[in-house]
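> what would the 3D arrangement of this be:
(one chain, ligands or ions: 1)
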Amino acid sequence: MRRMHSPRGGGKDGGAPGSVRFVTFGCKANQYDTQVLREALGRRGLEETGPGADLVVVNTCTVTAEAGRKARQLMRRIGRETPQARIAVTGCLAESEPEILREIPNVEWVLGNGEAKRPVNFLRQIGQDVGPEELGIPAGITEFAGHRRAFLKIQDGCDKRCAFCIIPHVRGRSTSRPAEELAAEVERLVASGHVEIVLCGIHIGHWGLDIGSTFSALLRRLAEIEALGPDGLPVEWRLRVSSIEATEVDEEMVSLMAARPDRLAPHLHMPMQSGADPVLKAMNRWYTVAEYLDACHRIRARLDRPAFTADILVGFPGETDADFERTLTTAEAAGFTKIHVFPFSARPGTPAAEMGSRVPPDVSRERRAALSEAASGWEEDFRRELNGARDRVVLEGFVGLSGRYQRVAIHPEDLSGPPPDAIDVTLHGVLETTADGREVTRLRGRPVALSAVEEASP
Ligand code: SF4
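I've put the predicted structure just below:
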């Protein structure tokens, strides 16, 4: 439970709420949006609690039918368990099915993305007074509560129209946040103790298109920041580009990543969606398999053992066995180190929802299992390839995340004190046998400083 300044009031009977609970579904952009609201309500003195809060803010997702179902189920449960709670629903589900949400008991406010994106609008909508001091607060967030790595949303919306995707309908066209505002936010986040900033949004490669700039220009601007940590001293920090389309990774961006592996994590998440041209075309994706693979090879040639992760949708209407086989071989050729595999789920209002030639659910499930199993093997190969590599690990306790998006353990005996926020290590693959008899490689990081002393010893 976090305490947030002095409460202004605590009504459980329609008065001003005194406590608030946040529940977030979906993507990094949603998690960032929740943090914006958390800070806005915290400034007004609401105490953040768990179940039992007067006000529950539910930030929803509509990317799959399952995400929507879970959010509705949760709101009904809140109503049953805490009848006095007042629920404010926001996010993409609030945009796509407001009427359904209004029928749920205890839901008092249904605020679409337009109403909730700006905290001032959100506060006014839920009946809070907004004074002039609120209007002068810098946009964005000051911390990412409870995490070492902070998300930073740089843009919202998308100008593309992929046949399976509802997001452009609920988030609108791409709008970019100003570079200077983002630079100031990076400095604030590092000053709050975050040593990794993950750039996120809905279509981040389109940052700048609406304001006459480019994503690479923003990356250059942010990467140059020499930020100060909580103690006011310079600190090592890094950026991670979360999800970007392969065709939007330009030469300038690759050069930046090659020049500053310390500042720009050598990891790209590049949604592929399918590895078969007929399916890509039916999905209204704008590239071919050859173009996608060309981008992977171009980037790999310039970086030291980069990690490539991807989203792949299986069971899209019309996807044949041969298409799926092609997806498997394309994914292997791309050299993915991790894949998020999604079975197709029709979203009403999208072109794909109207398409025939549906793939039976059991076939989609089989394809998902086959691709996930293949991806586990490729990740295992990648971990072995990393043996002896150097990397920086952002720690939460004795386990952390490397620049190449791998979980790495640090042994307490390798440290002379409590675990630091981040540490430079040499990676070692350790073979372990799991409970079900599989052999897996786990990565252990030995502090570079320690290895250097050992190497120097006779
Ligand atoms: S690029 Fe396609 S999948 Fe991604 S948000 Fe835009 S429409 Fe959706």
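> list the contacts for Cys165?
Applying Cβ atoms under 8 Å, 6 or more residues apart in numbering, we find Cys165 in contact with Val63, Cys158, Arg347, Thr350. Just so you know, the C-beta spots here come from the backbone N, C-alpha and C atoms, and that holds for glycine as well.
> change it to 7 Å
Residues near Cys165 by Cβ atoms under 7 Å, 6 or more residues apart in numbering: Thr350.
> okay, Lys160 and Asp210: tell me how far apart.
In this structure, Lys160 and Asp210 are 14 Å apart, going by Cβ to Cβ, to the nearest Å.
> can you check Pro132 too?
Note on Pro132: its distance to Asp210, by Cβ to Cβ, is 29 Å.
> neighbour count: these two, which is higher?
More neighbours surround Asp210 than the other of Pro132 and Asp210, with 14 against 6 (other Cβ atoms under 10 Å).
> which residues of the chain score low on pLDDT?
Residue ranges of the chain with pLDDT under 70: 1-16, 115-117, 451-458.
> how about the residues of it near the ligand?
Residues of the chain that fall close to the ligand, judged by Cβ under 6 Å from any ligand atom: Cys158, Lys160, Arg161, Cys162, Cys165, Ile167, Pro168, Ile202, His203.
> which secondary structure element contains the first one?
Secondary structure assignment for Cys158, by DSSP states H and E: no helix or strand.
> is it correct that it is in contact with His203?
Yes - counting by Cβ atoms under 7 Å, Cys158 does reach His203; the two are 4.1 Å apart.
> the more surrounded of the two?
Between Cys158 and His203, His203 has the larger neighbour count (other Cβ under 10 Å), namely 23 against 19.
> what about the residue in the stretch 1-150 of the chain positioned nearest to the ligand, which SS state?
The stretch 1-150 of the chain approaches the ligand most closely through Val63 (8.5 Å), counting by Cβ to the nearest ligand atom. What DSSP: H, G, I helix; E, B strand; the rest coil gives for Val63 is coil.
> OK, contacts around it?
Going by Cβ under 7 Å, 6+ apart, Val63 touches Gly26, Ile167.
> and the gap between Glu366 and the ligand?
24 Å (Cβ to the nearest ligand atom, to the nearest Å).
> just the element for that residue, please.
Here Glu366 is assigned to helix 361-385, by DSSP H and E.
> the following helix or strand past that helix packs against which elements?
Counting by DSSP H and E, the next helix or strand C-terminal to helix 361-385 is strand 390-396. If contacts are counted by 3 or more Cβ pairs under 7 Å, 6 or more residues apart in numbering; DSSP states H and E, strand 390-396 sits against strand 399-402, strand 422-433.
> partners of strand 390-396, with directions?
Sheet pairing here is set by DSSP bridges, and for strand 390-396 it gives strand 399-402 (antiparallel), strand 422-433 (antiparallel).
> which ones are touching Phe342?
Phe342 touches Asp311, Leu313, counting by Cβ under 7 Å, 6+ apart.
> identify the bridge partners of it.
Here Phe342, judged by DSSP bridges, has bridge partners Leu313.
> do you know how far it is from Ser364?
Taking Cβ to Cβ as the measure, Phe342 falls 9 Å from Ser364.
> do Met355 as well
Met355 is 14 Å from Ser364, by Cβ to Cβ.
> what about those two, which has more around it?
Neighbour count, other Cβ under 10 Å: between Met355 and Ser364, Ser364 has more, with 22 against 16.
> quick check, that one in contact with Pro343.
Yes - counting by Cβ under 7 Å, Ser364 does reach Pro343; the two are 4.1 Å apart.
> joint contacts of these two?
Val314, Gly315.
> burial of Gly232, as a residue count?
For Gly232, using other Cβ under 10 Å, the count is 8.
> likewise for the one 10 residues further on?
Other residues within reach of Ser242, judged by other Cβ under 10 Å, total 21.
> contacts only, for the closest residue to Val314 other than its chain neighbours.
Once flanking residues are discounted, Val314 sits nearest to Arg367: 4.1 Å by Cβ to Cβ, 6 or more residues apart in numbering. Contact analysis of Arg367 by Cβ under 7 Å, 6+ apart lists Val314, Gly315, Phe324.
> ranges for the helices of the stretch 151-300 of the chain?
Taking DSSP state H, counting those that start in this stretch as the criterion, the stretch 151-300 of the chain carries its helices at 167-171, 179-191, 215-223, 251-259, 277-282, 289-302.
> now distance to Thr34 and mean neighbour count too, for those helices, in a markdown table please.
Shown next, in a markdown table, are the helices of the stretch 151-300 of the chain (distance: least, Cβ to Cβ, whole Å; neighbours: other Cβ atoms under 10 Å):
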| stretch | distance to Thr34 | mean neighbour count |
| --- | --- | --- |
| helix 167-171 | 15 | 20 |
| helix 179-191 | 16 | 18 |
| helix 215-223 | 23 | 20 |
| helix 251-259 | 29 | 17 |
| helix 277-282 | 33 | 19 |
| helix 289-302 | 32 | 16 |
